[in-house]
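Colleague: Fold the following, please.
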Amino acid sequence: MDTVDNTAYQDRNSADRDRLVLRPGEPGYDEELAGFQTGFAQRPAVIFAASSADDVAAAVRYAASAGLPVGVQATGHGLPGAAEGGVLITTKRMDEVSVDPQARTVRVHAGVRWGQVVAAAEPYGLAPLNGSAPGVGAVSYTLSGGLGILAREFGYAADHVRSLDVVTADGRLRHVTPASDGNLYWALLGGGHNFGVVTELEIGLVPVARLYGGSLAFDGRAVDPVAVLRAYERWTRTVPDGLTSSFAAVPYPDVPGMPPQLRGRYVISVRVAYTGADGERVVAPLREIGPVLADSLREMPYAESHTIHRDPDFPHTYYGDSAVLSELDAAAAGELLARTGPDAPAMCVVQINHLGGALAQDAPNSVPHREGRFLVRLLAMTDREQAREVLDPAFEGIASWTIGRALNFAFGAGDRTEGLYDAGTRKRLAGLKSEYDPANLFRRNYNISD
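Modeller: Next comes the predicted model:
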């Protein structure tokens, strides 16, 4: 392996340099790799633990000189397959957040998690367009689109980015805005990590301090899950554009250690986030579906919005994919629930997001499939091979209504490129890829130049 030789790292003393550059078998290597996803292993040839944009630039220059692919990891929710045998840049130390309340913007560095941004914006009555889990990295989430809890009211997180600082394949740190480089700006927001390593984002905040939200949970063995889903689909046709919601189905295993209220239950739930003043009236039809296991719908400070979905916050194994649908066919949806329910050979989580509203509006970025009406997200809590045996037939059953896939939710399936973009978007991305990264240094989990 070539010796790491670049000015940014030579400036440090030897002890600090050893801490920042790690190779297999060296102390700290495995700990630096650890992340949220525990089901897939990666063994990069060298890890650069970056603390600054200069560190990132030095790592990119090294990778280019050595002819190695580059992956980026902040939280490890989605592992960068390109780092296998290549260079992995970890950014978790780059965790600075700065809010400008007058401009209603926030600057986030590459390792920042959404929970930090929510906490920083809250004192000013502002909120970011974050997702449901506070532990998710803000940058990767946004580069892949960013479907958040207020998405139907405000659109994708990518739609609110003002500027990006990015290290491109030539080792340059560029400040990118729609005015300075409209093509690269367009490609970065929706193209994921395929065009460089983003070290900082400036993102617009929204004036939201409180919302009406939570979930209604039903016992899937006491009520018909398909009937709940049909009622939910009918209800989505009546709600305001500013209401964001999703349907979920989770068969919890009957195993020791599982909370007693969940052990062995098949839980069907509807999650809601809404900034309107008439939340109780709007959700009234959902309460008529049947008796509930739990009802957490309430007015809450935005800082409590993570309680709507209550995503697990501990590292675990999972594999998943998604399908953007033109419609939610009742018969196909019933088959989907049957294939992924309690009798499935692996524990599966189904989430169906209602799209439309502001998500359908055009924006100067490459986030695709804005015409979709629903997004189906399927997760299997098992290894890749067994998960594909369960999930592939489930996706085949809704293929007639599928118009694409969502990069944010290709959990371990990002090596499959089909459906991530429509033909026009993919062609333009491929052209810009050849311009900004002709050696295909950046691949993330998929290769846009395929």
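Colleague: what stretches of the stretch 201-350 of the chain score poorly on pLDDT?
Modeller: Low-confidence segments of the stretch 201-350 of the chain (pLDDT under 70): 316.
Colleague: could you pull out the strands for it?
Modeller: Counting by DSSP state E, counting those that start in this stretch, the segments of the stretch 201-350 of the chain that form strands are 210-219, 243-251, 266-274, 294-295, 298-301, 319-325, 348-354.
Colleague: so Asn408 sits right up against Gly145, yeah?
Modeller: Yes - using C-beta atoms under 8 Å, Asn408 makes contact with Gly145 at a distance of 5.4 Å. Just so you know, the C-beta spots here come from the backbone N, C-alpha and C atoms, and that holds for glycine as well.
Colleague: one step back: what's the closest of the strands of the stretch 201-350 of the chain to Arg370?
Modeller: strand 319-325 (9.3 Å; C-beta to C-beta).
Colleague: Show me what stretch 176-186 is in contact with.
Modeller: 162-166, 168, 174, 188, 195, 364-366, 428, 432, 435-436 (C-beta atoms under 8 Å, 6 or more residues apart in numbering).
Colleague: check contacts around the closest residue to Asp311 other than its chain neighbours.
Modeller: Ranked by C-beta to C-beta, 6 or more residues apart in numbering and with sequence neighbours excluded, the top spatial neighbour of Asp311 is Ala133, at 4.0 Å. Ala133 makes contacts with 114, 306, 309, 311, 313, as judged by C-beta under 8 Å, 6+ apart.
Colleague: From those residues, pick the one nearest Gly334.
Modeller: Using C-beta to C-beta, His309 is the member of the contacts of Ala133 that lies nearest Gly334, at 23.8 Å.
Colleague: and the closest one, how many neighbours?
Modeller: 20 (other C-beta atoms under 10 Å).
Colleague: Contact partners for it?
Modeller: His309 sits next to 132-133, 149, 215, 246, 271 when contact means C-beta under 8 Å, 6+ apart.
Colleague: Tell me which helix or strand the residue nearest to Asp311 sits in.
Modeller: Assigned by DSSP states H and E, Ala133 belongs to no helix or strand.
Colleague: what's the spacing between it and Gly372?
Modeller: Distance of Ala133 to Gly372, computed by C-beta to C-beta, to the nearest Å: 22 Å.
Colleague: tell me, how many neighbours does Ala277 end up with?
Modeller: Ala277 has 9 neighbouring residues, counting by other C-beta under 10 Å.
Colleague: sorry, that was for Pro123
Modeller: 11.
Colleague: Then it would be within a helix, right?
Modeller: Yes - the assignment for Pro123 (DSSP: H, G, I helix; E, B strand; the rest coil) places it in a helix.
Colleague: And it, how far from Arg234?
Modeller: Using C-beta to C-beta, one gets 40 Å for the distance from Pro123 to Arg234.
Colleague: Tell me which stretches of this structure form helices.
Modeller: 7-10, 14-20, 29-33, 53-66, 114-121, 138-143, 151-154, 182-191, 225-236, 279-287, 330-340, 384-396, 423-436 (DSSP state H).
Colleague: Least confident of these, on average?
Modeller: Sorting the helices of the chain by mean pLDDT places helix 7-10 lowest, at a mean of 42.
Colleague: Where does the prediction get shaky in the stretch 1-150 of the chain?
Modeller: Low-confidence segments of the stretch 1-150 of the chain (pLDDT under 70): 1-19, 38-39, 77, 79-82.
Colleague: about what we covered before: give me the more crowded residue out of Asn408 and Gly145.
Modeller: More crowded of Asn408 and Gly145, by other C-beta under 10 Å: Gly145, with 27 against 24.
Colleague: So what's the gap between stretch 43-60 and the chain middle?
Modeller: 23 Å (C-alpha atoms, centre = their mean, to the nearest Å).
Colleague: Can you list the buried residues in it?
Modeller: By 16 or more other C-beta atoms under 10 Å, the buried positions in stretch 43-60 come out as 44-51, 53-60.
Colleague: Then stretch 217-227?
Modeller: 217-220, 223-226.
Colleague: what would the residues you listed look like in CSV with distance to Ala157?
Modeller: Below are the buried residues of stretch 217-227 laid out as CSV (distance: C-beta to C-beta, whole Å):
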residue, distance to Ala157
Ala217, 27
Phe218, 30
Asp219, 34
Gly220, 32
Val223, 34
Asp224, 35
Pro225, 31
Val226, 32
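Colleague: what's stretch 293-305 in contact with?
Modeller: Applying C-beta under 8 Å, 6+ apart, the external contacts of stretch 293-305 come out as 118-119, 122, 127, 130, 149, 208-219, 261, 265, 267, 272-273, 279-280, 283, 287, 307-308.
Colleague: First-to-last residue distance for that stretch?
Modeller: The stretch stretch 293-305 measures 20 Å between its terminal residues, going by C-alpha to C-alpha, to the nearest Å.
Colleague: quick one: that stretch to chain centroid distance?
Modeller: Mean C-alpha position of stretch 293-305 versus that of the full chain (C-alpha atoms, centre = their mean) differs by 22 Å.
Colleague: buried ones in that stretch?
Modeller: Applying a neighbour-count criterion of 16+ other C-beta under 10 Å, one finds 293, 296-297, 300, 302-303, 305 buried in stretch 293-305.
Colleague: With distance to Glu31 added, can I get those residues in CSV?
Modeller: Compiled in CSV, the buried residues of stretch 293-305 are given as follows (distance: C-beta to C-beta, whole Å):
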residue, distance to Glu31
Leu293, 40
Ser296, 36
Leu297, 41
Met300, 36
Tyr302, 34
Ala303, 31
Ser305, 31
